[in-house]
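Colleague: I would like to see how this sequence folds:
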Amino acid sequence: MWAITNQTRFKAERAFARDAGGAEIWIVAVRATFAIGAEGAVKLADEQADVCLSPKHRGEPGRSSLLYDMDLVRTKPGTDLLVHSAAYAEEGRASKFVDVSLRVGRVFKQLRVFGRRVWLVGPVGFTPSEPEPFVSHPITYETALGGPLTGIESPPRDPENPVGIGRIAEASQPVSRVEYPADPVRSPEHKGPPAGFGPIPCDWQSRVKLAGTYDEAWQRDRQPLVPKDFQDAYFRCAPADQQVNGFLQGGEEVILRNLTPDGLLRFHLPRVSLGFRTRIDGGTTHHHGHIHTITIEPEKQRLIMVWQTSLPCHHTLYTLKETVVFEKERLPLGGDPHEKVGPAFA
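Modeller: Next up, the predicted model:
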């Protein structure tokens, strides 16, 4: 009962969740890891990363940025695009700032990464110092705008980015090193979301505000269900400008600029056709999955794609036997990632 038979070359896991009305849902996630080779060739990686059953942070949870969110979530309204990388000065020449960009399909995002800066006190208030030249710098929320709001002991932290820097209004305090070119940071009170390509934790303000209202009316009428104003976008972990409306299909071109030492990386997302076959209530149900998350790690020459499928089973929960996950067409192990090599598994 409640088994999963994985006939793919990827990793797969399953779980139960409840929809907004409390009905049971059976969810299955498939996590595929690919290697990005020379000239953008994409092939199956030798080592396949496990499905994320819980969020994974760079360091201590709550005090460091998020690396991977959990893969088994109730739903996502579209595909999340994520990048873990550093900014690289062109041709390895030290620069005061570097513009970096991500393009996948219709999604385009540009950030500006600076060398080290500190706040200076002038006649009109705080201004950033001249950036120090640099060759490369990791793009993480630890050096984006946020962090402590004052210089006192145990200060409150920016709810949009508790782990960042640049909010302390004191001379010689660090200024954020990553920002939007069209919205430059000019004071510690700057308004706007933190700049970055990585995932947003579920307890940061941009996601918390989507979780609904937990008031007396909720306690009286809805608990333990989610509030009526809960938004499914809460389950999305990508920054808002890296969220695809609807789901990517595979085959889309990816273009990264100044996110690798070579300056330009281009490749296409693999086309992978997955099938899901579930034995439930004495019969067999065929269903399909969507690409929920794409994580690009150019420094590791790695691409991670996560598909998820869901099946309502509130009244058939105890008759659900297993889900078989299979590849309808196998991705080749090397060469052209769009080459079809025939059926994978029945």
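
Colleague: Contact partners for T79?
Modeller: Q243, V244, G246, F247, L248, H290, I291, H292, T293, I294 (Cβ atoms under 8 Å, 6 or more residues apart in numbering). All C-beta atoms are positioned from the backbone trio N, CA, C, and that covers glycine.

Colleague: Tell me how far it lies from A238.
Modeller: Distance, T79 to A238, by Cβ to Cβ, to the nearest Å: 8 Å.

Colleague: What ranges does the stretch 101-250 of the chain have for its helices?
Modeller: 205-208, 216-221 (DSSP state H, counting those that start in this stretch).

Colleague: Quick one: name whatever helix or strand follows the last one.
Modeller: This means helix 216-221. Toward the C-terminus, helix 216-221 is succeeded by strand 253-257 as the next helix or strand (DSSP states H and E).

Colleague: For T33, grab the count of nearby residues.
Modeller: 20 (other Cβ atoms under 10 Å).

Colleague: Over to L269?
Modeller: If we define neighbours as other Cβ under 10 Å, then L269 has 24 of them.

Colleague: How about F276?
Modeller: 21.

Colleague: contacting residues for it?
Modeller: V28, H286, H287, H288, G289, T309, T323, V324, V325.

Colleague: Recalculate using a threshold of 7 Å.
Modeller: Contacts for F276 (Cβ atoms under 7 Å, 6 or more residues apart in numbering) come out as V28, H287, H288, G289, T309, T323, V325.

Colleague: which ones among those are found in strands?
Modeller: Using DSSP state E, V28, H287, T309, T323, V325 are the members of those that sit in strands.

Colleague: how about JSON lines for those, with neighbour count added?
Modeller: Formatted as JSON lines, the ones in strands among the contacts of F276 follow (neighbours: other Cβ atoms under 10 Å):
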{"residue": "V28", "neighbour count": "25"}
{"residue": "H287", "neighbour count": "14"}
{"residue": "T309", "neighbour count": "21"}
{"residue": "T323", "neighbour count": "24"}
{"residue": "V325", "neighbour count": "24"}
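
Colleague: Spatially, what comes nearest to S95 if we skip its sequence neighbours?
Modeller: With sequence-adjacent residues excluded and distances taken as Cβ to Cβ, 6 or more residues apart in numbering, S95 is closest to A89, at 4.3 Å.

Colleague: For that neighbour, give me its contacts.
Modeller: Going by Cβ under 7 Å, 6+ apart, A89 touches S95, V98, F134, V135, S136.
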